[in-house]
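Novice: Predicted coordinates and the sequence they were generated for:
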Amino acid sequence: MTEENITRIHINDKELILIGTAHVSKQSAEQVKQVIEEERPDSVCVELDEQRYRSIKEGDQWKNTDIFQVIKDRKATLLLMNLAISSFQRRMAKQFGIKAGQEMIQGIESADEMGAELVLADRNIQITFSRIWSNIGFWGKMKLLTSIIYSIFSNESISEEELEKMKSQDMLDGMLQDMTEHFPALKKPLIDERDQYLAQKIKEAPGDKVVAVLGAAHVPGIKEQIHDDHDLDQLTKRKPKSKWPKVIGWGIPIFIISIIAYTFYANPEAGAQQSISWVLWNGSFSAIGAAAALAHPIAVVSAFIAAPITSLNPLIAAGWFAGFVQAYFRRPNVSDFESLSEDVTSVKGFWSNKVTRILLVVVLANIGSSLGTLIGGADVLRLFFENL
C-alpha cells in the first residue's frame, strides 16, 4: 500500500492513520477504500458533521425547505454562501464524473463493511459559519460576499494531476497563506479551530486503531494539535455578539434623523432636499441590487420602498421584504429544490433556479441598501453643512 498522503501517529498505544484527501479526487476515494480494507480499524473518522452526514445518507432534502422560514430566520446569506462555496467543488466533481465528497461517502461505506465504528469528527457547519461571520466585521462581510459571488461566475477547470498536487503540504501552505492575506480573519474559525476540533474527536475515537478521512488542508494542523487537549464545548460556543454593532446600528439612524430634523427646523427646503436624497440613494441602490438578481418587478419596487425605512431600523432589512415578495410571486416548487445541486454549478443556474434567485434578491438588495445608506448619509451631511 502506498503511504503517499498518509500520516501515522501513535498516542498512548493508539495508532491514528490520517488520510489527506482532495474532495473531488477519484484517487482519494480509491485510497480511502484501500486503507480501511487493509488496516481494518476499530473506528473510522470522517470530516463531516451530523447535518452533512444526514444529507449524504438521506439524499437531497431541499424539497422540505421552507424558503419563507429561511428568510425569516436570517439564514438567506448563510445558505447562499454554503451553495456558492460548494459550487466550485461541484463543478470539478462534474468535470471528473464523480460526486463531490466521494471519499467521505467511501469512508462511511467502508466503515460499515468492516464493522468499524463511524465517528462524525467535524464541527457543525452552522457554528463554523456563525463564528466566521461574527469575526470579520462589516467590510469583511462585504469583501467575502463579493468574493463568493465572483466565484459563482468563475468557470475555472483543473486537471486531475493538478488536483492531486493540491494534496502536497507545500501547495496547501501556499493556498492557506494566500487565503489569510485576503481574509486573515477566516483562517482561525475555518481552519485552526476545526483542526483542534477534528484532532480531539479523532483522539477520542474508540479502539486502538483509528483511520481518519480528512481534507488535506487539515492534516498539518491536526498533526500539531493532536498531542494537546481541546475543549469541544468551548469550540462549539457561538461567540457572544459585540455591543458595538448594535450601538452603531442604532447610532447612525438616530444621527441621520437628528440631522434631517434639525435641518427641517432651520431650513425646511434643505430638510426636504435631505429627505429626498436619503430616499433616492437608499431606494435606488437597493432596487438596483434586486434588479441585478432578476427579481420580480414588484420585488424591485418593494426594495426601493423598504430601503429608506429599513436603513433607519437595524432590526429589519430591505432584502427581507424584497425576498418575501419574490418568494410570493415566484415561489419555488419541488423541481426547483430537486435541481438545486445541479443548478449551482453554473451562473445561469444560480439566476434561473427560483430558490437561489430568492437568496440573491435578499443578499444583493441588502448590499445595495448598505451602499445607499453610506452615500445617502454622506449626501445628507453635505446638505446639512451647506445650509448651516
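Specialist: That came in fine, so what should we check first? These numbers come from a predicted model, not from an experiment.
Novice: from here on, contacts and neighbour counts on C-alpha atoms
Specialist: OK.
Novice: thought residue 304 was touching residue 278?
Specialist: No: with contacts counted by C-alpha atoms under 8 Å, residue 304 stays clear of residue 278, the gap being 11.4 Å.
Novice: what residues do the two have in common as contacts?
Specialist: Taking C-alpha atoms under 8 Å, 6 or more residues apart in numbering as the contact rule, residue 304 and residue 278 touch no residue in common.
Novice: Report the separation between the residue most central in space within the chain and residue 295.
Specialist: In the chain, the C-alpha nearest the mean C-alpha coordinate belongs to residue 81, at 3.6 Å (C-alpha atoms, centre = their mean). Distance of residue 81 to residue 295, computed by C-alpha to C-alpha, to the nearest Å: 19 Å.
Novice: With residue 268 instead?
Specialist: Distance from residue 268 to residue 295, by C-alpha to C-alpha: 37 Å.
Novice: Give me the more crowded residue out of the two.
Specialist: residue 295 (30 against 14; other C-alpha atoms under 10 Å).
Novice: That one touches residue 361, doesn't it?
Specialist: Yes: look at residue 295 against residue 361 with C-alpha under 8 Å: they come within range, at 6.2 Å.
Novice: any shared contact partners between these two?
Specialist: In contact with both residue 295 and residue 361: residue 326, using C-alpha under 8 Å, 6+ apart.
Novice: Show the residue spans covered by the strands in the stretch 151-300 of the chain.
Specialist: Ranges of strands within the stretch 151-300 of the chain are 209-215, based on DSSP state E, counting those that start in this stretch.
Novice: which residues in it form helices?
Specialist: 160-165, 169-182, 184-187, 193-204, 219-225, 232-235, 243-266, 268-292, 297-310 (DSSP state H, counting those that start in this stretch).
Novice: Out of the ones you listed, which is closest to residue 48?
Specialist: helix 193-204 (9.8 Å; C-alpha to C-alpha).
Novice: Contact partners for residue 355?
Specialist: 67, 332, 336, 337, 340.
Novice: Please identify which pair of these lies farthest apart.
Specialist: Using C-alpha to C-alpha, the contacts of residue 355 span at most 13.1 Å, a distance reached by 67 and 340.
Novice: ok, the nearest residue to residue 271 once chain neighbours are set aside to residue 275 distance?
Specialist: Excluding its sequence neighbours, the residue lying closest to residue 271 (C-alpha to C-alpha, 6 or more residues apart in numbering) is residue 264, at 4.2 Å. Distance, residue 264 to residue 275, using C-alpha to C-alpha: 9 Å.
Novice: likewise residue 337?
Specialist: Residue 337 is 42 Å from residue 275, where distance means C-alpha to C-alpha.
Novice: ok so, going back, can you list which of the contacts of residue 355 are found in helices?
Specialist: 67, 336, 337, 340 (DSSP state H).
Novice: Please check the residues you listed and keep the buried ones.
Specialist: 67, 336, 337, 340 (16 or more other C-alpha atoms under 10 Å).
Novice: now those in CSV, with pLDDT and distance to residue 196?
Specialist: Compiled in CSV, these are given as follows (pLDDT from 0 to 100; distance: C-alpha to C-alpha, whole Å):
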residue, pLDDT, distance to residue 196
67, 80, 34
336, 80, 38
337, 78, 35
340, 76, 33
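Novice: Of these, which is the nearest to residue 102?
Specialist: residue 340 (18.7 Å).
Novice: Distance check, the nearest residue to the closest one once chain neighbours are set aside against residue 203.
Specialist: Using C-alpha to C-alpha, 6+ apart and skipping the chain neighbours, the partner closest in space to residue 340 is residue 353 (7.0 Å). The gap separating residue 353 from residue 203 is 43 Å, by C-alpha to C-alpha.
Novice: now residue 195
Specialist: 12 Å.
Novice: Compare the two and say which one has the larger neighbour count.
Specialist: Set residue 195 next to residue 203 and count neighbours by other C-alpha under 10 Å: residue 195 wins out with 25 against 19.
Novice: List the buried residues in the host helix or strand of residue 360.
Specialist: Element membership of residue 360 [criterion: DSSP states H and E] is helix 354-386. Buried positions in helix 354-386, judged by neighbour count with 16+ other C-alpha under 10 Å: 354-373, 375-377, 379-381, 383-384.
Novice: quick one, that helix and helix 268-292 angle?
Specialist: On the basis of axes from the mean of the first three to the mean of the last three C-alpha atoms, to 10 degrees, helix 354-386 is oriented at 160 degrees to helix 268-292.
Novice: where does the stretch 151-300 of the chain have low pLDDT?
Specialist: Along the stretch 151-300 of the chain, segments meeting pLDDT under 70 span 151-183, 241-242, 245.
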